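Engineer: Sequence first, predicted coordinates after that:
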Amino acid sequence: MLERIFKLKAHNTSVKTELIAGATTFMVMAYIIAVNPSILSSVGMDHSAVLIATCIATFVGTMLMALLANLPFVISAGMGLNAFFAYTVCEGMGYSWKLALLAVFVEGVIFLIIALTPLRSWIADSIPLSLKQAITVGIGLFIAFIGLQNGGLVVEGSTLVTAVNLRSDFHTSGICALLAVFGIVLAFIFHIKKVPGGLLFSVLVSWGMGMLCQAVGLYVPNEAAGYASLYPTFGMTDFSTLGETAGALFRVDFSDVSFFGFVMVIVSFLFVDLYDTMGTLIGVSMKAGMLDEQGRLPAIRPALASNSIAMMVGSCLGCSTTSPFVESAAGVGAGGRTGLTAITTGFLFLASMFFAPIFTSIPSFATAPPLIVVGFLMFSGVTDIKFGEKDWLSAIPAYICIIVMPLFYSISEGISLGVISYVVLNLVCGKRKNVNPVMIVLALLFLLKYCFI
C-alpha cells in the first residue's frame with residue numbers, strides 16, 4: 001500500500017530510508033515545540049495551549065503535504081513569523097493575540113486563493129530579488145536580537161540596550177545569562193559538526209546544566225522576580241487548556257482596531273509567508289533534485305495549498321502562521337524523497353503534545369540558542385545581495401529593510417520601508433521599468449498606513 005501511495009521505487013527510496021529521514025527531520029526541528037510556546041506566551045497566550053496547537057497544526061499541514069503533494073517537507077509554526085506575531089503585531093502595534101490569530105486565518109484564506117490560481121506566479125515574480133533576500137536577512141537579525149533578549153544577555157540600559165551585568169543578581173539573571181552563552185556556543189558547535197538534532201540537543205543540555213546549577217546552589221529560584229524552578233514538571237498534558245486559545249479568533253473585540261492597521265498586518269503576514277514558503281520549497285527541492293527542466297516544482301500547487309490549510313487550522317486552535325521548514329533539508333539529506341518522510345515527522349509531532357508539561361518547563365535561556373543559530377542561517381543570505389555602485393537602486397532599499405527590522409523592533413516596518421524606498425528611488429532616478437504595478441500598489445498601501453495609523 002505504501003508503494004502505491006508514495007511511489008517509493010520511482011523515487012529510488014525505501015520504507016526504512018523514509019522512516020529514518022522523517023525521524024531525522026523531527027530531531028532537527030523539534031525545538032519549535034519549545035520555542036513557539038515560549039514566544040507566543042509572552043503576549044498572554046497559554047503556554048500549553050500553544051504547544052498543543054503547534055503540534056496539531058504541524059501534523060495537519062504535514063499530512064496534507066504528504067498525501068496531496070507527496071513531498072518530504074514538514075509544515076510548522078514559522079520562525080520569524082511567530083516573532084512578527086508576538087513582538088510586532090501584539091507588542092509593537094498593540095493588537096490582541098486574538099486579532100493576530102484572525103489575521104493569520106484571513107491570510108490563510110488569501111494564501112489558498114493564491115495557491116490555486118495564476119496569482120501565485122504573478123505575485124512571486126513582482127518583488128525584486130534584492131528585497132526578497134533582504135527580508136530573510138532582516139528577519140534573521142531580528143530573531144537573533146530576540147534570542148539575545150530571551151537569554152538575558154541584552155537588557156535595558158542608558159543606551160537603550162546594553163549587555164547584562166553578570167555580577168548583579170548572579171544567582172538569577174547572571175547565571176541564566178552564562179547558561180545562555182553556554183547553549184549558544186554548544187548550538188553552533190553542533191551546527192558546525194552537522195550533529196542531527198543539534199538545536200534540540202543544545203536546548204536540552206543547557207536546561208540540564210541549569211538544573212545542575214540549581215542543585216548545587218548556583219541558581220536560586222525567585223518566583224517574585226520571574227525566576228522559577230528549573231526542574232521539569234511531570235504529568236499528563238492538560239488538553240483543556242486548548243480551550244483558552246481554540247476559537248479565540250472568533251471572539252475579537254474590534255472597538256479599537258484600525259481598518260488599515262488590520263489590512264497591513266494581513267499583508268505583512270502574507271508577504272513574508274509567501275516568499276518564505278516558496279523560497280523554502282524551491283531551495284530544498286533543488287537540493288533533492290525534484291525540480292523540472294525549467295527549475296519549477298511540479299507539485300507546488302498542492303504544497304502551497306497544504307500550507308494555507310495548516311494556517312487556517314492552526315489559527316483556529318491558537319498557533320501562529322505556518323510555513324514549510326527549511327530543516328526539512330535534513331530529512332532530504334538523509335534520503336527522504338516522498339511524503340512518507342513527512343508523515344513520519346508529523347506523527348512524531350502529534351505524539352509530542354502528550355508531553356506538554358515537560359516542554360513547558362524549559363526556561364527561556366535554553367530556548368535562546370536556536371533563535372541565535374536560526375538567525376545566523378537567515379542572515380547568511382546577505383552575501384547574495386549585490387552592493388556594487390551599479391546596484392545601488394536595489395541595494396539601498398535592501399539595506400534599509402535589513403537594518404529597520406531589528407532597530408525598529410518590527411518586521412513589518414522593515415518590509416514597508418524597503419518597498420517604499422525601492423519604488424521612490426527607482427521612480428525619482430528615472431528607472432520606471434524596474435518598478436511593476438504590484439510594487440506601486442504595495443508602496444501606496446504602506447504609505448496609507450503611515451498616514452492613517
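Structural biologist: Okay, I see it.
Engineer: Retrieve the pLDDT associated with the residue nearest the centre of the chain.
Structural biologist: For the chain, the residue nearest the mean C-alpha position is residue 79 (1.3 Å; Cα atoms, centre = their mean). pLDDT, residue 79: 80.
Engineer: so who does it touch?
Structural biologist: Going by Cβ atoms under 8 Å, 6 or more residues apart in numbering, residue 79 touches 32, 35, 143, 371, 374. No exception for glycine: its C-beta is placed from N, CA and C like everyone else's.
Engineer: and residue 369, how many residues sit next to it?
Structural biologist: 33 (other Cβ atoms under 10 Å).
Engineer: residue ranges with poor pLDDT in the stretch 351-453 of the chain?
Structural biologist: Within the stretch 351-453 of the chain, the stretches with pLDDT under 70 are 452-453.
Engineer: Do a quick rundown of the helices in it.
Structural biologist: Taking DSSP state H, counting those that start in this stretch, the helices of the stretch 351-453 of the chain run over residues 356-359, 364-379, 392-407, 411-428, 437-452.
Engineer: Can you redo those as CSV, where the extra columns are distance to residue 49?
Structural biologist: Output for the helices of the stretch 351-453 of the chain, formatted as CSV (distance: least, Cβ to Cβ, whole Å):
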stretch, distance to residue 49
helix 356-359, 9
helix 364-379, 17
helix 392-407, 28
helix 411-428, 24
helix 437-452, 31
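Engineer: Please identify which two of the contacts of residue 79 are farthest apart in space.
Structural biologist: The most widely separated members of the contacts of residue 79 are 32 and 143, with 12.5 Å between them, by Cβ to Cβ.
Engineer: Compare neighbour counts for these two and give me the winner.
Structural biologist: Using other Cβ under 10 Å as the criterion, residue 32 and residue 143 rank with residue 143 on top: 30 against 27.
Engineer: and the residue nearest to that one when sequence neighbours are not counted, how many neighbours?
Structural biologist: Nearest residue to residue 143, sequence neighbours excluded (Cβ to Cβ, 6 or more residues apart in numbering): residue 375, at 4.2 Å. Counted with other Cβ under 10 Å, the neighbours of residue 375 add up to 25.
Engineer: check contacts around residue 375.
Structural biologist: Residue 375 touches 140-145, 147, counting by Cβ under 8 Å, 6+ apart.
Engineer: Sitting in helices, which of these do you find?
Structural biologist: Using DSSP state H, the members of the contacts of residue 375 that fall within helices are 140-145, 147.
Engineer: Go ahead and list the helix or strand containing residue 323.
Structural biologist: Residue 323 belongs to strand 322-324 when elements are defined using DSSP states H and E.
Engineer: Who are the packing partners of that strand?
Structural biologist: helix 47-64, strand 75-77, helix 259-288, helix 300-317 (3 or more Cβ pairs under 8 Å, 6 or more residues apart in numbering; DSSP states H and E).
Engineer: Show me where the stretch 51-200 of the chain dips below the pLDDT cut-off.
Structural biologist: 121, 123-125.
Engineer: give me that answer again for 80
Structural biologist: Scanning the stretch 51-200 of the chain for pLDDT under 80 picks out 80, 119-127, 132, 136, 139, 196-197, 199-200.
Engineer: which residues in it form strands?
Structural biologist: 75-77, 154-157, 160-163 (DSSP state E, counting those that start in this stretch).
Engineer: so of these, which one's packed in deepest?
Structural biologist: strand 75-77 (a mean of 30; mean count of other Cβ atoms under 10 Å).
Engineer: contacts for that strand?
Structural biologist: 29, 32, 36, 54, 57-58, 61-62, 64-65, 306-307, 310, 314, 319-325, 349.
Engineer: on that earlier part again, to residue 96, which of the helices of the stretch 351-453 of the chain lies closest?
Structural biologist: Taking Cβ to Cβ, helix 411-428 is the member of the helices of the stretch 351-453 of the chain nearest to residue 96, at 16.7 Å.
Engineer: now the closest one, how far from the chain's geometric center?
Structural biologist: 23 Å (Cα atoms, centre = their mean, to the nearest Å).
Engineer: which helices and strands does that helix pack with?
Structural biologist: Packing partners of helix 411-428 (3+ Cβ pairs under 8 Å, 6+ apart): helix 129-150, helix 259-288, helix 392-407, helix 437-452.
Engineer: Let me have the ones you listed in a markdown table, adding distance to residue 100 as columns.
Structural biologist: Shown next, in a markdown table, are the helices and strands packed on helix 411-428 (distance: least, Cβ to Cβ, whole Å):
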| stretch | distance to residue 100 |
| --- | --- |
| helix 129-150 | 16 |
| helix 259-288 | 7 |
| helix 392-407 | 18 |
| helix 437-452 | 17 |
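Engineer: Most tightly packed of these?
Structural biologist: Of those, the one with the most neighbours on average (mean count of other Cβ under 10 Å) is helix 129-150, at a mean of 24.
Engineer: Check which helices and strands that helix sits against.
Structural biologist: Short answer (3+ Cβ pairs under 8 Å, 6+ apart): helix 129-150 packs on helix 81-83, strand 154-157, helix 259-288, helix 364-379, helix 392-407, helix 411-428.
Engineer: Using CSV, write out the CA atom coordinates for it.
Structural biologist: Taking Å, rounded to 0.1, in the frame of the first residue of the first chain, the C-alpha atoms of helix 129-150 are listed here in CSV:
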residue,chain,number,x,y,z
LEU,A,129,15.1,39.6,-5.7
SER,A,130,17.1,42.0,-3.6
LEU,A,131,14.1,42.7,-1.3
LYS,A,132,13.3,39.1,-1.0
GLN,A,133,16.8,38.4,0.1
ALA,A,134,16.8,41.4,2.4
ILE,A,135,13.6,40.3,4.2
THR,A,136,15.2,37.0,5.1
VAL,A,137,18.4,38.7,6.3
GLY,A,138,16.4,41.3,8.3
ILE,A,139,14.3,38.6,10.0
GLY,A,140,17.5,36.7,10.8
LEU,A,141,18.8,39.8,12.7
PHE,A,142,15.5,40.3,14.4
ILE,A,143,15.3,36.7,15.6
ALA,A,144,18.9,36.9,16.8
PHE,A,145,18.1,40.0,18.8
ILE,A,146,15.1,38.4,20.4
GLY,A,147,17.3,35.4,21.3
LEU,A,148,19.8,37.6,23.0
GLN,A,149,17.0,39.2,25.0
ASN,A,150,15.3,35.9,25.9
